[in-house]
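*Asks:* Here's my sequence, what's the structure:
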Amino acid sequence: MATTTAPTGFGRPIWSAIKGGNQVHGVGLVPMTSTFLGAAGDFERNLFVAPPTTEGLYKVEAATIAFATAVDDASSHLWEIQIQVGTVSTFEDLGGTALSSLTDFAVNTAYSLDIDGPEAATPKKVFLAAGDVVRVEFAESGTADDLSAVYITVTLFLRHSPPGR
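*Replies:* Residues are numbered from 1 along each chain as shown. Predicted coordinates for the structure are as follows:
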């Protein structure tokens, strides 16, 4: 299961390369983009499944979301959107604050999703273990806009620390 602290060796090849002035390929932020149709009512979409550690380690750094159609909700009818991590049946939020449609979502505008990493006062489990699933959850409050005809794009930014060299 994911952890709040970096596993032993996480980031070491990156630091060694920077310290030695070498160029390293495949190191740094990896954007994972998912585009899907929404749904009516609560729903989730899987964004990333962590591979075996022999392929390196991953940390969730940031996430953005954009809508292809405007989502206009009144204060009593809204969506709460969060990035989560977990395994088959147990998921935890990666941020303390959900993105809310209380202020409406404009077309093709990127909105940040809250990720509380190790620098946060109460860090979340952003360091992934093999098999961890990162997903986005949409929770409806009241009767929110039906998103079943809305294309949604979520971009997940992961820090990749390749296997030891």
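*Asks:* for the chain, what spans make up the strands?
*Replies:* Ranges of strands in the chain, per DSSP state E, are 28-37, 43-49, 57-67, 78-86, 91-93, 99-100, 111-113, 127-128, 133-141, 151-161.
*Asks:* Name the strands paired with the fifth one and say parallel or antiparallel.
*Replies:* Based on DSSP bridges, the pairing partners of strand 91-93 within the sheet are strand 78-86 (antiparallel).
*Asks:* can you give me the angle the strand it pairs with makes with strand 133-141?
*Replies:* 160 degrees (axes from the mean of the first three to the mean of the last three Cα atoms, to 10 degrees).
*Asks:* send the alpha carbons of strand 78-86 over as PDB?
*Replies:* Coordinates of each C-alpha in strand 78-86 appear next as PDB, following Å, rounded to 0.1, in the frame of the first residue of the first chain:
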ATOM      1  CA  LEU A  78     -22.600  20.300  -6.900                       C
ATOM      2  CA  TRP A  79     -19.800  17.800  -7.500                       C
ATOM      3  CA  GLU A  80     -16.900  17.100  -5.100                       C
ATOM      4  CA  ILE A  81     -13.900  15.800  -7.000                       C
ATOM      5  CA  GLN A  82     -10.800  14.200  -5.400                       C
ATOM      6  CA  ILE A  83      -7.800  12.100  -6.400                       C
ATOM      7  CA  GLN A  84      -7.500   8.800  -4.400                       C
ATOM      8  CA  VAL A  85      -5.100   6.000  -4.000                       C
ATOM      9  CA  GLY A  86      -5.600   2.400  -2.800                       C
END
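*Asks:* So for it, mean pLDDT?
*Replies:* Summarised as a single mean, pLDDT over strand 78-86 is 93.
*Asks:* cool, and stretch 143-155?
*Replies:* 89.
*Asks:* What's the end-to-end length of that stretch?
*Replies:* 26 Å (Cα to Cα, to the nearest Å).
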